[in-house]
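K.L.:
Got a predicted model here, sequence first, then my questions.
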2 protein chains.
Amino acid sequence: MREVAIIGVGMTKFGELWDQGIRDIYAEAALKAMENAGVEKIDSMYVGAMSGGLYAYQEHLSSVMADYIGQKGVPSARVESACASGGTAIRAAFMEVASGMSDIVLAGGVEKMWDVEDGTFVLATASDQEYEAYNGVTFPGLYAMMARAYMDKYNLTREELAAIPIKNHKHAVNNPNAQYPFELDLKGVLGSSMVADPLTLMDCSPITDGAAAVILCPLDLAHKFTKHPVKIKGIGAATGPIALHNHVDMTKLDAVRIAGERAYKMAKLKPLDISFVEVHDCFSIAEIIVLEELGFFKYGKAGKAIANGEATYGGKIVVNPSGGLKAKGHPVGATGVAQVIECYEQLTGKAGKRQVKNANYGMAQNMGGSGGSCVVHILEAV
Amino acid sequence: MREVAIIGVGMTKFGELWDQGIRDIYAEAALKAMENAGVEKIDSMYVGAMSGGLYAYQEHLSSVMADYIGQKGVPSARVESACASGGTAIRAAFMEVASGMSDIVLAGGVEKMWDVEDGTFVLATASDQEYEAYNGVTFPGLYAMMARAYMDKYNLTREELAAIPIKNHKHAVNNPNAQYPFELDLKGVLGSSMVADPLTLMDCSPITDGAAAVILCPLDLAHKFTKHPVKIKGIGAATGPIALHNHVDMTKLDAVRIAGERAYKMAKLKPLDISFVEVHDCFSIAEIIVLEELGFFKYGKAGKAIANGEATYGGKIVVNPSGGLKAKGHPVGATGVAQVIECYEQLTGKAGKRQVKNANYGMAQNMGGSGGSCVVHILEAV
């Protein structure tokens, strides 16, 4: 298996992009990544998108995007694993390069969510439709049940839970691509509209338009393109139960633990080696459970640790320096790619005011549904 | 790059499967393939599906299907390239095995098309939505324009065009999984309802429910599982213009030619080496153009050759021994996988009354849209 590196990255601003269509924003990110890598021609490409069909009435994004970025002729595939579609696109591109099938491969992710009326219904198609969505449970409700179970089991307070969006909004202030780069206080979280008890609006990641893209190539070619390649050192992917009612324990996310173990094993690293991590904080409770499943905190401890400042600059590990899904925004198909871009920028010293000092290894954790799927990447500047 | 073989196959009957949901039929095909290969545990899997969102209101089929076939925990991804989603799933699984990332990989395809009212609208999301579907052109109209252009350029008669569905229905009579295993005569084609002049209903592939799956592993492990592995000797994938109006010549399909050239190059073979081919006859005219782009007939000659019996048993090359999309059925995400299964059965001598004699190499050609994407596989029994 050939070793693989990232040689260029590009993304749009995340937010409400009313002036652009889905193909415009994918193309913007893809062309920025190609320019950043110094390549005019790619050998193959991927489009990570959760629901071209329901969000844009456009399937076949593989062909649309290859054509629209001027690379018509190249092999192209859309990959999807709900909100983990972006991470899945990078994993697919990794294997295409690793296998020797192609050298220069574009992995992009995109979602245009503001153009439809009922974005929450579309997102609910990532749950177990026949048992969950059909009966009226959408994702805020599913994660609210997880939050309630966790708070009961580990005596986490509502105020401690609020520490997650507060931290992530603080980080996003320094991210020029963030959808909501403003600070948030406890009153702002607790006083926002109730969505699904105990989760208020400020516990929930937003509806976002956006795209992100990276260029991969074999590690032994990477220095021809850039002085600062970032190696993909470990990848882990896993599935879990599609339905929350099939979780043995609602305070756990098995797919995250398994994907993390696979990534650590491939990278020959342990949680203590990781300098910072971008995690999938689709809801505040998710960040807590994910950090525990990835081994950064013991079960029951992550929530209080975040509230104690251990997950920000100067703490044990910087979690979501980008602002996370909550504050940077969550265009679902793009999120996994944007997480890896944050890792790339941190590891190459390009993160500006968000820079994590002495960062050796970064991790990106991207998740679909209520833990139905997960992809973890571990990255290293080389 | 490791060599890769198919060690087991499984599929549902194609047709109107009112008693089963999308997860039931994928599981049926996947479990049959696993049983056929003699494996109880897979390392990774793919789900090729065009529109889980619009056909079943269920995205995240990666997780749903891994869970539902009892393989929860494995990495899983859905891949999509419209009607070429099945071929794309096999290509992705191939690269996962070839790279060394996984050994036993399931590649399945599925579509449940009868459960929604407006299947033609859903299919139209595989066209250039903003320019074609939005303005009222769906696929029968697009292929009708291609047919008209071809008939004018090469003096193909309406009666000659009808030879394609007549041949494919004759082949399907011997296929127990075919949706429409009955013979069709010239009167039956010409007298069926006009859909988009010159194409009548019998020029158009049907709406179909169905699933198909194959198990891949490294070639050097294949004989541990079966006496009759089939090697994937060549793969070619390519994109073309998403919109028909961007084809330089409406009687050509560039993506098919490029994908074919790539597959021949990888396999080190030429058209004359191929014993039979499963092609993407979504409309009768498609079979003609595809056969020319793959080098089996010169430009302008394939239509008349088929009418002269050169594309059936005893002719130059057997085309669509399974009955093709027209008569076997076309559950879009499953089609590319089912084509490869036909190749597997032919090459291992299991095709019963459809058996092509002395078959050395088989080809499967799977296409998305009006040539927006294409995947070609060349297979060999080893």
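P.N.:
Everything's here; your move.
K.L.:
which residues touch residue A:162?
P.N.:
Residue A:162 makes contact with A:186, A:189-190, A:202-203, A:284, according to C-beta atoms under 8 Å, 6 or more residues apart in numbering or on different chains. (C-beta placed from N, C-alpha, C; glycine too.)
K.L.:
and the gap between it and residue A:284?
P.N.:
7 Å (C-beta to C-beta, to the nearest Å).
K.L.:
quick one: common contacting residues for those two?
P.N.:
residue A:203.
K.L.:
what residues does the stretch 201-350 of chain A put near chain B?
P.N.:
A:237-243, A:246, A:254-255, A:258 (C-beta under 8 Å from any C-beta of the partner chain).
K.L.:
Kindly recompute the last result at 7 Å.
P.N.:
Applying C-beta under 7 Å from any C-beta of the partner chain, we find that the stretch 201-350 of chain A lies next to chain B at A:237-242, A:258.
K.L.:
among those residues, which are in helices?
P.N.:
The helices, defined by DSSP state H, take in residue A:258 from those.
K.L.:
so how far is residue A:110 from the residue nearest the centre of chain A?
P.N.:
Chain A has residue A:336 as the residue nearest its centroid, 3.2 Å off, counting by C-alpha atoms, centre = their mean. Separation of residue A:336 from residue A:110 (C-beta to C-beta): 11 Å.
K.L.:
Can you name the element that comes right after the helix or strand hosting the residue nearest to the centre of chain A?
P.N.:
Per DSSP states H and E, residue A:336 falls inside helix A:332-347. Once helix A:332-347 ends, the next helix or strand along the chain (criterion: DSSP H and E) is strand A:361-368.
K.L.:
is chain B contacted by that next one?
P.N.:
Yes. Strand A:361-368 is in contact with chain B by C-beta under 7 Å from any C-beta, via residue A:368.
K.L.:
the domain parsing of chain A - what is it?
P.N.:
A:4-118+A:207-230, A:138-204+A:232-381 (automatic domain parsing).
K.L.:
tell me the most buried of those?
P.N.:
domain A:4-118+A:207-230 (a mean of 24; mean count of other C-beta atoms under 10 Å in any protein chain shown).
K.L.:
from the middle of its chain, how far away would that one be?
P.N.:
What separates the centre of domain A:4-118+A:207-230 from the centre of its chain is 14 Å, taken as C-alpha atoms, centre = their mean, to the nearest Å.
K.L.:
just the strands in chain A please.
P.N.:
Secondary structure of chain A (DSSP state E): strands at A:4-11, A:44-48, A:76-80, A:105-112, A:194-196, A:199-200, A:209-218, A:230-239, A:276-278, A:318-319, A:361-368, A:373-381.
K.L.:
and the first one, what other elements does it pack with?
P.N.:
If I follow you right, that is strand A:4-11. helix A:22-37, helix A:85-99, strand A:209-218, helix A:219-225, strand A:230-239, helix A:332-347 (3 or more C-beta pairs under 7 Å, 6 or more residues apart in numbering or on different chains; DSSP states H and E).
K.L.:
Using JSON lines, lay out these together with mean pLDDT.
P.N.:
As requested, these are exported to JSON lines (pLDDT from 0 to 100):
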{"stretch": "helix A:22-37", "mean pLDDT": "98"}
{"stretch": "helix A:85-99", "mean pLDDT": "98"}
{"stretch": "strand A:209-218", "mean pLDDT": "98"}
{"stretch": "helix A:219-225", "mean pLDDT": "97"}
{"stretch": "strand A:230-239", "mean pLDDT": "98"}
{"stretch": "helix A:332-347", "mean pLDDT": "98"}
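K.L.:
if we can go back for a sec, chain B versus the residue nearest to the centre of chain A, what's the distance?
P.N.:
According to C-beta to the nearest C-beta, to the nearest Å, residue A:336 and chain B sit 12 Å apart.
K.L.:
and if you look at residue A:23?
P.N.:
For residue A:23, the distance to chain B (C-beta to the nearest C-beta) stands at 8 Å.
K.L.:
List the residues that contact that residue.
P.N.:
A:64-65, A:68 (C-beta atoms under 7 Å, 6 or more residues apart in numbering or on different chains).
K.L.:
Just give me the closest of the residues you listed to residue B:222.
P.N.:
residue A:65 (35.3 Å; C-beta to C-beta).
K.L.:
pretty sure residue A:189 contacts residue A:166?
P.N.:
Yes. Using C-beta atoms under 7 Å, residue A:189 is in contact with residue A:166, at 6.5 Å.
K.L.:
What's opposite whichever residue of the stretch 201-350 of chain A sits closest to chain B in the beta bridge?
P.N.:
Nearest to chain B in the stretch 201-350 of chain A, going by C-beta to the nearest C-beta, is residue A:237, at a distance of 3.5 Å. Taking DSSP bridges as the rule, residue A:237 bridges to residue A:375.
K.L.:
Would you quantify the distance from it to residue B:280?
P.N.:
The value you get for residue A:237 to residue B:280, if C-beta to C-beta is used, is 30 Å.
K.L.:
tell me the pLDDT at residue A:119?
P.N.:
You'll see residue A:119 listed with a pLDDT of 89.
K.L.:
now the helices and strands packed on strand A:4-11 in JSON lines, with distance to residue B:77?
P.N.:
Shown next, in JSON lines, are the helices and strands packed on strand A:4-11 (distance: least, C-beta to C-beta, whole Å):
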{"stretch": "helix A:22-37", "distance to residue B:77": "19"}
{"stretch": "helix A:85-99", "distance to residue B:77": "5"}
{"stretch": "strand A:209-218", "distance to residue B:77": "16"}
{"stretch": "helix A:219-225", "distance to residue B:77": "23"}
{"stretch": "strand A:230-239", "distance to residue B:77": "8"}
{"stretch": "helix A:332-347", "distance to residue B:77": "12"}
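K.L.:
Can you mark which positions in the helix or strand bottoming out on mean pLDDT in chain A are buried?
P.N.:
One helix or strand of chain A scores below all others by mean pLDDT, DSSP states H and E: helix A:119-124, with a mean of 92. For helix A:119-124, the neighbour count (16 or more other C-beta atoms under 10 Å in any protein chain shown) marks A:119, A:122-124 as buried.
K.L.:
Now do it: everything it contacts.
P.N.:
Contact partners of helix A:119-124, identified using C-beta under 7 Å, 6+ apart, comprise A:51, A:54-55, A:113, A:116, A:133, A:138-139, A:207.
K.L.:
likewise stretch A:239-257?
P.N.:
Under C-beta under 7 Å, 6+ apart, the answer for stretch A:239-257 is A:128, A:131-132, A:142, A:145-146, A:149-150, A:153, A:238, A:289-290, A:293-294, A:365, A:367, A:369-374, B:60, B:62-64, B:66-67, B:72-74, B:76.
K.L.:
cool, and stretch A:336-343?
P.N.:
Outside of stretch A:336-343, the residues within contact range by C-beta under 7 Å, 6+ apart are A:9, A:11, A:48, A:84-90, A:107-109, A:212-214, A:278, A:321-322, A:362, A:364, A:366, A:375, A:377, A:379.
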